[in-house]
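Chemist: predicted model and sequence below, questions to follow.
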Number of protein chains: 2
Amino acid sequence: MIQEGKSNLPKGKERFIEQLGERKLIETIVNKFNANANRRIVTVGAGEDDCAVIDVDSARGGRKYLVVTTDTVQESTHLPKGISPFQIGWTAAAVNLSDIAAMGAHPFAFTVAMGVPARTRSAFVEEVVEGIEKCASAYHTAVVGGDVTRSKEVILTGTCLGFADSPVRRAGARVGDLVCVTGSLGNAALGMNLIKRFRDTEIKVPVKVEEIAKKALFQPVPRIREGIALADSGLVTSMIDISDGLALSLAELAKSSGVGFEIYEDKVPILSKELRSAEAFDLSSIGVERRALAFYGGDYELLFTININIDANGLKRISETINMCVIGKVTPHEAGIYFKKGEEKEKIELIGYQHF
Amino acid sequence: MIQEGKSNLPKGKERFIEQLGERKLIETIVNKFNANANRRIVTVGAGEDDCAVIDVDSARGGRKYLVVTTDTVQESTHLPKGISPFQIGWTAAAVNLSDIAAMGAHPFAFTVAMGVPARTRSAFVEEVVEGIEKCASAYHTAVVGGDVTRSKEVILTGTCLGFADSPVRRAGARVGDLVCVTGSLGNAALGMNLIKRFRDTEIKVPVKVEEIAKKALFQPVPRIREGIALADSGLVTSMIDISDGLALSLAELAKSSGVGFEIYEDKVPILSKELRSAEAFDLSSIGVERRALAFYGGDYELLFTININIDANGLKRISETINMCVIGKVTPHEAGIYFKKGEEKEKIELIGYQHF
């Protein structure tokens, strides 16, 4: 299922966490997490006491609101075949940071509860911890607390805290606003397709395509910088992250804002430039439908609406700051959510990832 | 294993969460959690957006530090036989609130990630949610966010946030300080003994004893009020909650503070007054060793040290405010941790609950 953690110990000398003991295991983790903590903000860090302690005024930078989110990744439902321990940890942090990004907030602290089977190699846990730390610190977020328990499968629950002055809500889109997305969609979905469909077949895709698509799936990038830039622009009327595919995120935004959406299918940015240009790669040659890629999540891009009437140059200014596309416009609620091609309209089906 | 949730639906009409669907399930949970939220503090509540949003200045009441903790309870390792769904939820909140209590902080927000098997009855989930909500709101804490995933076993990870002006650390005990505990120890351990030892035997314990002991085990009381009173007293030099038994908590406090402890065994309050007086109940008659009860956790009392030199009337004043006992005194680190009976000394073994 999941790749094993690397270990420099010769076989037979590898340690499992049940041999290491809980307290020793926690010590190893704690040292990793506290190495880079900013002690002006994090007065008491992970594993140093019953709670972590954060100096509110140092952490908030004058911002009014605390934002909080919690999200879980686990072996049996969330972790694709071939993902490394480092990437499992990275993903656990990234999915939470993505929710912070969707509010346009500044993340500052993260906690993680890890469930691992007793017969897990300690190198595995150490690499998971490394992945969590690398992702969090890439976005100036301190890992301030955690918990390790013995469980039947690998399960990581993260909680992320951020500060924002004007958190961007899902409710707020108005008729006439433009509908936009950051980056490109379908990269992670392509990675999933490559894993699922081709593991037992002879079909070959270019190595570079496979590499890029799997990395998109295994190591998603939370759009923190983009979320903050969008919130700061003052033009954004609503925002959500695309965790379970474009269709479901559109439906959530439509429901919260009480609007409909008209989406121009050919404007939806499917696959990154890097993937599209990779060595004569043709989606249809491997039987993957272009549109379907947008309907499965995993890229963790942001879907948002902007009111261009606030500032005529606003769209141009944002486009120069972040990588984004206009993909449609906001319509009245009664109109529903549909694709528009010339005069043709086609209802968008609500498909995507659901847990139950 | 775990008691099933009650349901008013006739057999065959009961709904499982896999039939209900993720979005419907979340709607039910969200309504429960947001019913009592203080909207001046919780601007955006559970399930209302990508993150919950909290007005920092309304929530903090002028306090300087944010404290954060995360803790997990799960079926295979934490949940005793016979616990009800309501009590599972209660426990998930209580264990986190207990860590907030141990810092002497005021809790204000809680998030919970729930993993449940697909074939779980929706009544079960609703009762778990009810338990979380009841425990959190009993301590003025809003459940502001959560997550539900399908997992192999019931697993609940809570994260609790609080504010404090002077968080009480584990480090801080000084030679000569008095060692104290709130409430009484061993009640939950007696409950566990009654479940484990007597389920297949003829030994009968008084019904009232069984009821009280099991309630202590199934529905622990976080010492929030006591923690705050102790922090506010200005006399407390160190504090920790007794989650894994007295011995392990003494060891943690000793390590963090760089001290030793001399404990008067006959001063350790074993079993609540209610249990001790219950219908001619005699521990030895059921083969339970008194001392052993203190070595297993689950009561979530507070262990703390106080410096009586700060205020000669301080001990009296605290004793009038909260239910507490002096059980020993702080000694130099080299002396270790031991029981003292007259001139006799006996080393305290480091036994208690460890996860791995």
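Modeler: On my side now, so go ahead.

Chemist: now for A:Glu27, how many residues are close by?
Modeler: By the criterion of other Cβ atoms under 10 Å in any protein chain shown, A:Glu27 has 13 neighbours. (Each C-beta comes from the backbone N, C-alpha and C, glycine too.)

Chemist: find the nearest non-adjacent residue to it, please.
Modeler: A:Gly47 (7.5 Å; Cβ to Cβ, 6 or more residues apart in numbering or on different chains).

Chemist: in which helix or strand does that neighbour reside?
Modeler: Using DSSP states H and E, A:Gly47 sits within no helix or strand.

Chemist: does it touch A:Leu25 like I think?
Modeler: No. A:Gly47 is not in contact with A:Leu25 according to Cβ atoms under 8 Å; the separation is 10.5 Å.

Chemist: quick revisit: pull the contacting residues for the residue nearest to A:Glu27.
Modeler: A:26-27, A:29-30, A:33-34, A:145-146 (Cβ atoms under 8 Å, 6 or more residues apart in numbering or on different chains).

Chemist: against B:Gln74, how distant is it?
Modeler: Counting by Cβ to Cβ, to the nearest Å, the gap from A:Gly47 to B:Gln74 is 20 Å.

Chemist: check A:Arg15 too.
Modeler: Taking Cβ to Cβ, one finds A:Arg15 at 24 Å from B:Gln74.

Chemist: who's more crowded, those two?
Modeler: B:Gln74 (23 against 14).

Chemist: give the bridge partners for that one, please.
Modeler: Judged by DSSP bridges, the bridge partners of B:Gln74 are B:Ile155.

Chemist: then A:Phe304?
Modeler: A:Cys180, A:Met239.

Chemist: swap in A:Leu161?
Modeler: Counting by DSSP bridges, A:Leu161 is bridged to A:Val68, A:Ala109.

Chemist: next, count neighbours for it.
Modeler: Neighbour count of A:Leu161, defined by other Cβ under 10 Å: 29.

Chemist: surely it touches A:Val68?
Modeler: Yes. With contacts counted by Cβ under 8 Å, A:Leu161 reaches A:Val68, the gap being 5.7 Å.

Chemist: neighbours of the closest residue to A:Ile348 other than its chain neighbours, how many?
Modeler: Spatial nearest neighbour of A:Ile348, chain neighbours left out: A:Ile337 (4.8 Å); criterion: Cβ to Cβ, 6+ apart. Neighbourhood size, A:Ile337 [other Cβ under 10 Å]: 21.

Chemist: and the pLDDT at A:Ile337?
Modeler: In this prediction, A:Ile337 carries a pLDDT score of 95.

Chemist: now do the contacts for it.
Modeler: Contacts of A:Ile337 by Cβ under 8 Å, 6+ apart are A:247, A:250-251, A:254, A:260-261, A:263, A:347-348.

Chemist: now those as CSV including pLDDT and secondary structure?
Modeler: Output for the contacts of A:Ile337, formatted as CSV (pLDDT from 0 to 100; DSSP: H, G, I helix; E, B strand; the rest coil):
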residue, pLDDT, secondary structure
A:Ala247, 92, helix
A:Leu250, 96, helix
A:Ala251, 94, helix
A:Ala254, 96, helix
A:Gly260, 97, strand
A:Phe261, 97, strand
A:Ile263, 96, strand
A:Lys347, 89, strand
A:Ile348, 87, coil
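
Chemist: among these, which two are most distant?
Modeler: Within the contacts of A:Ile337, two members stand farthest from each other by Cβ to Cβ: A:Ala247 and A:Gly260, at 13.4 Å.

Chemist: A:Tyr264 and chain B: what is the separation?
Modeler: Distance, A:Tyr264 to chain B, by Cβ to the nearest Cβ, to the nearest Å: 25 Å.

Chemist: now do the phi/psi pair for that residue.
Modeler: phi -90, psi 110 (degrees, to the nearest 10).

Chemist: tell me, how many residues neighbour the closest residue to it other than its chain neighbours?
Modeler: In space, and not counting its chain neighbours, A:Tyr264 is closest to A:Gly328: 5.5 Å by Cβ to Cβ, 6+ apart. Residues near A:Gly328, counting by other Cβ under 10 Å, number 23.

Chemist: and A:Asp55, backbone torsions?
Modeler: phi -80, psi 110.

Chemist: I'd assumed B:Arg63 was in contact with it.
Modeler: No. In this structure, A:Asp55 is not within contact of B:Arg63 by Cβ under 8 Å, at 11.1 Å.

Chemist: buried ones in the strand or helix carrying A:Val30?
Modeler: Element membership of A:Val30, judged by DSSP H and E, is helix A:22-34. The neighbour-count check on helix A:22-34 (16 or more other Cβ atoms under 10 Å in any protein chain shown) flags A:22-23, A:25-26, A:29-30, A:32-34 as buried.

Chemist: check stretch A:306-314 too.
Modeler: Buried-residue list, stretch A:306-314, by 16+ other Cβ under 10 Å: A:306-308, A:314.

Chemist: and what of stretch A:74-81?
Modeler: Buried, per 16+ other Cβ under 10 Å, within stretch A:74-81: A:74-75, A:77-80.

Chemist: want to throw those residues into JSON lines with pLDDT?
Modeler: Below are these laid out as JSON lines (pLDDT from 0 to 100):
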{"residue": "A:Gln74", "pLDDT": "90"}
{"residue": "A:Glu75", "pLDDT": "85"}
{"residue": "A:Thr77", "pLDDT": "78"}
{"residue": "A:His78", "pLDDT": "75"}
{"residue": "A:Leu79", "pLDDT": "85"}
{"residue": "A:Pro80", "pLDDT": "88"}
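
Chemist: follow-up on the earlier one: mind checking which of the buried residues of stretch A:306-314 land in strands?
Modeler: A:Ile306 (DSSP state E).

Chemist: before we move on, back to that, which of the buried residues of helix A:22-34 sit farthest apart?
Modeler: Maximum pairwise distance among those (Cβ to Cβ): 18.0 Å, between A:Glu22 and A:Asn34.
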